[in-house]
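Novice: Return a 3D structure for these sequence lines:
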Amino acid sequence: MLSTSFESSKAMILSAGILLLVGIVNCVPFKPYEFNAAPPGYYWREYDGKIPADAFPGGSDKDELLTYIGQIYLKDYGLLPATITPGSTFAVSSSQGKTIQTDKDVKILCSVDQHMFRWVVTKIGNEHLFKADCPLVNGGSEANQIIHIGRVMHEGATIIGRVFSYWEIYKGLWIPHNGQQKHFDSYEILTFNCQR
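Specialist: You can find the predicted model right below:
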């Protein structure tokens, strides 16, 4: 008789637990995770030759067609900001005195909050003025230094390049130019959520 009473008690506890669990589940609103939902802020997507709808344009070519901000990884150079031209699978950057073009390991800068990007005019030596109230967009790294994204109007095009803020001999904006690279002391630098 004791075992029947015990089994009966176990069944009642189990039933009560299931009812409690069902009650809790029914009271908690269920929101499915959206796998394609974009995170807030900005992010880098794999680039497959097609410009995503949320890609952020960063410049223009000589025909005034938009170009986009890319990022490439090259083992001997690092993670570099680059220019992506619609219709091309390649991204173009510069490093170590030359222009680099690749279609391997290419990403494209994207955001659902594009209104929060802002290009700020600056020059060598002013990078330290960008603090928490006006954060710079991280463009990658080269020679163990963080590099940022800059641009300049040159020969009828707005060209995207990489900005060194730390090493004295490399400070400033560097862009790909005629198979080499060209340096600028004054340029625009990309910020996100700048409060100035």
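Novice: okay, and the helix or strand of this protein with the least pLDDT?
Specialist: Ranking every helix and strand in the chain by mean pLDDT, DSSP states H and E puts helix 2-27 at the bottom, with a mean of 46.
Novice: helix or strand right after that one?
Specialist: Sequence order places strand 42-46 as the next helix or strand after helix 2-27, per DSSP states H and E.
Novice: contacting residues around the helix or strand that comes right after that following strand?
Specialist: Following strand 42-46 in sequence order, the next helix or strand is strand 57-60 (DSSP H and E). Outside of strand 57-60, the residues that reach it under the criterion Cβ atoms under 8 Å, 6 or more residues apart in numbering are 66-69, 83, 109, 149, 151, 157-160, 190. (Glycine included, C-beta is placed from N, CA and C.)
Novice: give me that answer again for 7 Å
Specialist: Leu66, Thr67, Tyr68, Ile69, Thr83, Arg151, Ala157, Thr158, Ile159, Ile160 (Cβ atoms under 7 Å, 6 or more residues apart in numbering).
Novice: Quickly find the element holding the fifth one.
Specialist: The one in question is Thr83. strand 78-84.
Novice: What pairs with that strand, parallel or antiparallel?
Specialist: Using DSSP bridges, the strands paired with strand 78-84 in its sheet are strand 66-74 (antiparallel), strand 91-95 (antiparallel), strand 138-142 (antiparallel).
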